[in-house]
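Colleague: return atomic coordinates for the entry below.
(chains A and B)
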Amino acid sequence: MGVTADIAQAAWVTGLLALTTTAILLVASPPLSWWIARTRSRWRAPVEAVVALPLVLPPTVLGFYLLLAMAESGPLGAIAEAVAGARLAFTFAGLVIGSIVYSLPFVTGPLASAFRTTDGHLLEAAASLGVPPATRFLRLVLPMHRKALVAAGVLGFAHTVGEFGIVLMIGGNIPGETRVLSIALFDRVEMLDYVGAHVIAASLLVFSLVVLTFTYRWLRVP
Amino acid sequence: MGELVRDTGFRLRADLDVDLDGVAALVGASGSGKSTLLRLVAGFEPGAAVTVEVDGETWQGASANLAAHRRPVGTVFQEARLFPHLDARTNLTFAAHAKRAGARLGFDEVVDFLDLEPLLGQYPRELSGGQRQRVALGRTLLSPAKLWLFDEPMSALDAASRREIAPYLARLCRRHDVPIIYVSHTLAEVLTMADQVMVAVDGEVARVDSVGEFSTSFTTPSFGDEAGAVVSCKFKTYDPRYRLSELAFGPSSLFVRGDLSSAGPRILLHIPARDVSLATTPIDRLSILNRVDGIVDAIDDQRDSALARIRCGDGQFLLARVTRRSVDELGLAVGMAVQALIKSVAVRTGAP
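Modeller: Have a look, this model is predicted:
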């Protein structure tokens, strides 16, 4: 396979991984963020800490434990085997799970901050009209925070595109399956193909810069 | 309803058993627990250790806590609380997502009643304060409810917005679709809207009066210049030549402009004390039509003037604002026969 085809394939895997991860996070994160923003439970701090772990731990630490969990003898691996008859370690599905864990704080954090600013008076008004909590969340809270939702999605996407350590631990380097751009870049450097490395590195740099610039600009528009 | 003990030591006692029909005003000084009482009924204080029982159902108590959205109660707040991302129409129809029993009015009827048609396409930020509160009112009317709670719906508005929305509120209060508990600290509002008045003092609902009793009771604080009596009359005849309706007020007659033949069996009139003068001898030739004989029941000396309560033929009271000089010159005293000369009368129970 040529260099260009190899990079294109890695870009495809990366994009697909980031999209899948972001989509799942945008469904799973809002309820979790809402709970974190509103609960008075004593479990809030521990849950917040678990969610925030990827912010402080080396990705290889998370990757190592995820790899153990996804192994055929590990809990996640056993579940996947029993339910779907599939392997998780060194597969795209395993990468998606790893990315969800890894990018969770980048979606949940900003959303929780935004949700904390929700005007409780409006929710009271909706309750006084007879509207149940789930509908209040879907029809009032989410639309009122749509900017925060988009921003959280962009951050989650960009962050997934940029992951390396966790992918290396649980995904390996299988072309078309788990070889993402950051791994491909590492390969190029290993092979002393600095031109190819430049293509990938510069693309990722420009991509991240453009995405973040547009997001921050858009967030300021009233 | 039971007892609420807050962290602040504030105690609310409201052993209330009120037959709600029409509009029950809840009045009292600020801090007397009026709004808290409404919040308890609406279900916004789920942690409070109280018993809330409505219509024989326990909504809140030792073993039950019905969530706010399941209580068939619509609340109109001091602020409009419109949903900022939805236009007026979608705000109005938001209660279509309601999951609870209760009658609701029709959309067209509510839009018509509150003149909302021109506002439907606009967003809350494009509406004036009074318009926003009108939309909020409509939104509550469109939610399924057996009871409406109005928590000082005009207090956050400026004078112009208040004038704009007051007629709508007054007309709504006359419709009797659903009983209303109306918190207010404005006497004029109570006298023009309420049928019954609950008086809260120091976190306790001290008494429940008819609006007539309330309006002429001197124990009601802060009458000021708004003092006036609310009296109940019966329709007698309409004279189309002068366009005057004759109403029976005890043995006397009161004449009111307009045809009130279809206003119902009981017509409430609001008679401001400042528009009632007193004469100690009958006066024959006078442009004032409405003259009612009565006995001075009490005189309340106030700083600049006095308020005289006059018992009329059928046991109802009128209030007359007189100067203290007049009290002395006429020798007004409790038990004296007087004639009350009424310069203006406002019909409260209007023709439909």
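Colleague: tell me the pLDDT of residue 163.
Modeller: Assuming you mean chain A. A:Glu163 is assigned 89 on the pLDDT scale.
Colleague: if you could check chain B rather than the one you did, that'd help
Modeller: Confidence score, pLDDT, at B:Arg163: 85.
Colleague: give me the element it is part of.
Modeller: helix B:159-173 (DSSP states H and E).
Colleague: quick one: name whatever helix or strand follows that helix.
Modeller: That would be, after helix B:159-173 and using DSSP H and E, strand B:180-183.
Colleague: show me what that following strand is packed against.
Modeller: Here strand B:180-183 is seen to pack against strand B:23-27, helix B:34-42, strand B:147-151, helix B:159-173, helix B:187-193 when contacts are counted using 3 or more CB pairs under 8 Å, 6 or more residues apart in numbering or on different chains; DSSP states H and E. Where C-beta positions appear, they are placed from N, C-alpha and C, glycine not excepted.
Colleague: what lies in contact with the helix holding B:Arg163?
Modeller: Here helix B:159-173 makes contact (CB atoms under 8 Å, 6 or more residues apart in numbering or on different chains) with B:22-23, B:113-115, B:128-131, B:133-134, B:137, B:141, B:150, B:153-154, B:157, B:180, B:182, B:189, B:192-194, B:348, B:350.
Colleague: so is the host helix or strand of B:Glu53 next to chain A?
Modeller: Taking DSSP H and E as the definition, B:Glu53 sits inside strand B:52-54. No: Strand B:52-54 lies apart from chain A when judged by CB under 8 Å from any CB of the partner chain; the minimum separation is 14.8 Å.
Colleague: run me through the strand neighbours of that strand, direction for each.
Modeller: strand B:57-60 (antiparallel) (DSSP bridges).
Colleague: which other residues reach the partner strand?
Modeller: Outside strand B:57-60, the residues touching it (CB under 8 Å, 6+ apart) are B:40-41, B:43, B:46, B:48, B:50-53, B:64-66, B:71.
Colleague: could you dump those to JSON lines with pLDDT?
Modeller: Shown next, in JSON lines, are the contacts of strand B:57-60 (pLDDT from 0 to 100):
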{"residue": "B:Leu40", "pLDDT": "88"}
{"residue": "B:Val41", "pLDDT": "89"}
{"residue": "B:Gly43", "pLDDT": "92"}
{"residue": "B:Pro46", "pLDDT": "86"}
{"residue": "B:Ala48", "pLDDT": "80"}
{"residue": "B:Val50", "pLDDT": "80"}
{"residue": "B:Thr51", "pLDDT": "81"}
{"residue": "B:Val52", "pLDDT": "82"}
{"residue": "B:Glu53", "pLDDT": "81"}
{"residue": "B:Ala64", "pLDDT": "82"}
{"residue": "B:Asn65", "pLDDT": "88"}
{"residue": "B:Leu66", "pLDDT": "91"}
{"residue": "B:Arg71", "pLDDT": "93"}
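Colleague: out of the residues you listed, which end up buried?
Modeller: B:40-41, B:43, B:48, B:50, B:52, B:65-66, B:71 (16 or more other CB atoms under 10 Å in any protein chain shown).
Colleague: all helices for the stretch 101-250 of chain B, in order.
Modeller: For the stretch 101-250 of chain B, the helices defined by DSSP state H, counting those that start in this stretch occupy B:107-113, B:129-141, B:159-173, B:187-193, B:211-215.
Colleague: so where's chain B uncertain?
Modeller: B:1-19, B:203, B:218-224, B:349-352 (pLDDT under 70).
Colleague: which residue does chain B have closest to chain A?
Modeller: B:Ala98 (3.0 Å; CB to the nearest CB).
Colleague: contact partners for the closest residue to that residue other than its chain neighbours?
Modeller: Once flanking residues are discounted, B:Ala98 sits nearest to A:Gly130: 3.0 Å by CB to CB, 6 or more residues apart in numbering or on different chains. Taking CB under 8 Å, 6+ apart, we find A:Gly130 in contact with B:69-70, B:72, B:95, B:97-100, B:102, B:143-145.
Colleague: what about stretch A:92-102, average pLDDT?
Modeller: Mean predicted lDDT for stretch A:92-102 stands at 94.
Colleague: ugh, wrong one, stretch A:35-50
Modeller: The pLDDT scores in stretch A:35-50 average 95.
Colleague: and it, how far apart are its ends?
Modeller: 14 Å (CA to CA, to the nearest Å).
Colleague: show me what that stretch is in contact with.
Modeller: For stretch A:35-50, the surrounding residues in contact (CB under 8 Å, 6+ apart) are A:51, A:108, A:112-113, A:115-116, A:118.
Colleague: so which of those is the closest to chain B?
Modeller: The closest of these to chain B turns out to be A:Thr118 (CB to the nearest CB; 11.6 Å).
Colleague: can you tell me the residue of chain A closest to chain B?
Modeller: A:Gly130 (3.0 Å).
Colleague: still on that earlier bit, may I see the PyMOL selection of the buried members of the contacts of A:Gly130?
Modeller: Buried residues among the contacts of A:Gly130 (16+ other CB under 10 Å), as a PyMOL selection:
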select buried, chain B and resi 69+70+72+95+97+98+100+102+143+144+145
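Colleague: one step back: contacting residues for the residue of chain B closest to chain A?
Modeller: Contacts of B:Ala98 by CB under 8 Å, 6+ apart are A:129-131, B:69, B:143-144.
Colleague: same thing with B:Ser252?
Modeller: By CB under 8 Å, 6+ apart, the neighbours of B:Ser252 are B:291-293, B:312-313.
Colleague: with A:Arg179 instead?
Modeller: Applying CB under 8 Å, 6+ apart to A:Arg179 gives the contacts A:9-10, A:13, A:173, A:187.
Colleague: for chain A, what lies in contact range of chain B?
Modeller: Proximity of chain A to chain B, by CB under 8 Å from any CB, involves residues A:121-122, A:124-133, A:135, A:139-140, A:143-144.
Colleague: just the buried ones from those residues?
Modeller: Of the residues of chain A next to chain B, these count as buried by 16+ other CB under 10 Å: A:122, A:124-132, A:135, A:139-140, A:144.
Colleague: how about low-confidence regions in chain A?
Modeller: Counting by pLDDT under 70, chain A shows low-confidence ranges at A:1, A:222.
Colleague: tell me the domain boundaries of chain B?
Modeller: Split into domains by automatic domain parsing, chain B comes to B:3-215, B:228-234+B:263-349.
Colleague: gap between the last one and the chain center?
Modeller: Distance of domain B:228-234+B:263-349 from the chain centroid (CA atoms, centre = their mean, to the nearest Å) equals 21 Å.
Colleague: same thing with the first one?
Modeller: Mean-position distance between domain B:3-215 and its chain equals 12 Å (CA atoms, centre = their mean).
Colleague: just give me the neighbour total for B:Asp177.
Modeller: 12 (other CB atoms under 10 Å in any protein chain shown).
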